[in-house]
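Asks: Give me coordinates for this.
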Amino acid sequence: MEGETIMHGETAPGEDVSAGKFFSEKRFIEDYVRRNREAMLAFWEALVNRESFSGDKPSVDALAAWLAERFDEIGGTCELLRFAKAGNGLAVTLNGNAPGRPVLLLGHYDTVFPPLAEERRTFRIEEGRAYGPGVLDMKGGITIAFHAVRALLEGGFRERPIRVLLAGDEETGHPESDMGERFRAAAAECVAAFNLETGAPDDGVIVERKGMSRYLLDVRGRAAHAGRDPGEGRSAVLEAAHKTVAISAASGEDMSFNVGVFRGGTVANVVADRAELHIDVRTRTTGAAARAEALLRDVARRSTVEGTEASLSGGVRFPPMERTEGNLALFDHLRWVADSFDLPPVRPAASGGSSDSAFTVAAGTPTADQLGVKGRHNHSPMEWADVASLFERTRFLFCAVATLGNFEKTWAAAERKHLHGKSHEKGGV
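Replies: All right, here's what the predicted structure looks like:
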């Protein structure tokens, strides 16, 4: 079936919005996976065995270049996004001259693992599970994206451009790059975005994620001898402790605070003149993120220990991926895909973890997240991925993209109905 054009014929339930536009996709992608199982596993192994710790720019850049070569081989137009300090990103366009609105596939290839010993670095499969640094988060997802795209092109898919945008510094929150804005810009005109982040064993598809902010609260006091002149001192450590309690007590339903690092002082017999708090903040909405920062600034401004002062720095790393009507409509499309193509049923899910999907949702683009390989123990030496899910999720992504025309038309109709309702609310016609 190499090079065979995708066959059409099946339509989604409800309004017949795309008669003659669907496929015999199920038969085509099953044949593709059957023919390419070893090639898919080899691609995954090559990714895992190429180390790409976020803090090691040369290794991240080398992997970006390797991926660019692979996408170039299947007809992609590739651009390395070069940064002075952060690992380079990669932007790929396939089907660039196709007439429809693009679809965006996104992810990252940096990992949290510093260079490892050879025996810990090597990709391996044991009892249906794949092991190795980043095998789950998220080199399996990149393998899915590559092979789903390759299968679409082999099947003659020409309906719309396919964009692939991958970051080399996602695990650190892009502090030294503008990848967040690049995700936002790439998604702005797309019909949908699919993030190939770690998949869930229970087949949850993320439609909402909390945003993540990071702050440093620097507390300054006055040093003094703890035995001879304790009254002359102004303890920054004591003030930081008061602030830690105040910050922790502010957690609520739409925002949470964690003082993860508390540092201060020099030696036990000196009243500490300096302390610092490293704070992680998670918020459900953009408004909550603004309120959380205002609260921290108020804590910084107020002092319990007279003679101490504090300053706050930092800000939002990932905005919230808010639950939108577009996200829910795209999930409905994925639920139909799973039902129609004999794939495991999916469910909508929310997560306290952050991802680059926040930027695509901020662009107004319906987004589904957590479509990568399934597994457990991200960011730990025990990280593993279910090998069977690599093939299952490749089929899933292929079918979701191949049938996006149906989603596009039904979502456009829903948007028109929503806007029409809004105009009536305002007294329009």
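Asks: what kind of secondary structure is the most centrally placed residue in the chain in?
Replies: The centroid of the chain falls nearest to Ser355 when counting by Cα atoms, centre = their mean (2.9 Å). Under DSSP: H, G, I helix; E, B strand; the rest coil, Ser355 falls in the coil class.
Asks: Next, the nearest residue to it once chain neighbours are set aside: phi, psi?
Replies: Ranked by Cβ to Cβ, 6 or more residues apart in numbering and with sequence neighbours excluded, the top spatial neighbour of Ser355 is Glu197, at 5.4 Å. In this view, the C-beta of every residue, glycine as well, is placed from N, C-alpha and C. With angles defined as degrees, to the nearest 10, Glu197 sits at phi -60, psi 170.
Asks: Contacts only, for the residue nearest to the centre of the chain.
Replies: When contacts are counted by Cβ atoms under 8 Å, 6 or more residues apart in numbering, Ser355 touches 170, 195, 197, 206, 209, 318, 321, 369.
Asks: Please, where are all the strands along the stretch 201-350 of the chain?
Replies: In the stretch 201-350 of the chain, the strands defined using DSSP state E, counting those that start in this stretch lie at 204-209, 211-220, 224-225, 255-264, 270-271, 274-283, 309-318, 347-351.
Asks: Quick check: which of those strands is nearest to Glu73?
Replies: Glu73 lies closest to strand 204-209 among these, at 30.3 Å (Cβ to Cβ).
Asks: What is the burial count for the closest residue to Phe359 other than its chain neighbours?
Replies: For Phe359, ignoring the flanking residues on the chain, the nearest one in space by Cβ to Cβ, 6+ apart is Phe183 at 3.8 Å. Neighbour count for Phe183, taken as other Cβ atoms under 10 Å: 28.
Asks: now Arg70
Replies: Counted with other Cβ under 10 Å, the neighbours of Arg70 add up to 17.
Asks: Is it correct that it falls within a strand?
Replies: No: going by three-state DSSP, the assignment for Arg70 is helix, not a strand.
Asks: Over to Gly156: give its phi and psi.
Replies: With angles defined as degrees, to the nearest 10, Gly156 sits at phi 90, psi 20.
Asks: now swap in Arg163 and tell me
Replies: With angles defined as degrees, to the nearest 10, Arg163 sits at phi -110, psi 140.
Asks: I figured it hits Leu104, correct?
Replies: Yes: Arg163 is within contact range of Leu104, at 4.7 Å (criterion: Cβ atoms under 8 Å).
Asks: Now do the helices in the stretch 151-300 of the chain.
Replies: Remark: helices assigned in the stretch 151-300 of the chain by DSSP state H, counting those that start in this stretch are 179-187, 236-249, 286-301.
Asks: Can you tell me which of these is most buried?
Replies: Greatest average neighbour count among the helices of the stretch 151-300 of the chain goes to helix 179-187 (a mean of 21), per mean count of other Cβ atoms under 10 Å.
Asks: Pull the residues that contact that one.
Replies: Under the contact criterion Cβ under 8 Å, 6+ apart, helix 179-187 has outside partners 81, 86, 89, 91, 104, 106, 163, 165, 167, 169-170, 174, 193, 318, 356, 359-360, 362-363, 365, 367.
Asks: Next: stretch 234-244.
Replies: Stretch 234-244 has contacts (Cβ under 8 Å, 6+ apart) with 217, 219-222, 224, 259, 262, 264-265, 271-277, 299-300, 303-308, 310.
Asks: State the mean pLDDT of that stretch.
Replies: Across stretch 234-244, pLDDT averages out at 98.
Asks: between the helices of the stretch 151-300 of the chain, which gets nearest to Phe331?
Replies: Across these, Phe331 has its closest neighbour in helix 179-187 (16.8 Å, Cβ to Cβ).
Asks: Run through the bridge partners of Gly204.
Replies: Taking DSSP bridges, one obtains Arg347 as the residues bridged to Gly204.
Asks: separation between it and Leu334?
Replies: Distance check for Gly204 against Leu334: by Cβ to Cβ, to the nearest Å, it reads 11 Å.
Asks: Looking at those two, which has the bigger crowd around it?
Replies: Leu334 (23 against 16).
Asks: That one touches Asp203, doesn't it?
Replies: No: counting by Cβ under 8 Å, Leu334 does not reach Asp203; the two are 10.1 Å apart.
Asks: what about the chain, any weak spots by pLDDT?
Replies: 1-23, 117-120, 416-429 (pLDDT under 70).
Asks: Domains in it, by residue range?
Replies: The chain breaks down by automatic domain parsing into domains covering 25-209+321-418, 213-317.
Asks: among the ones you listed, which is the most enclosed?
Replies: domain 25-209+321-418 (a mean of 20).
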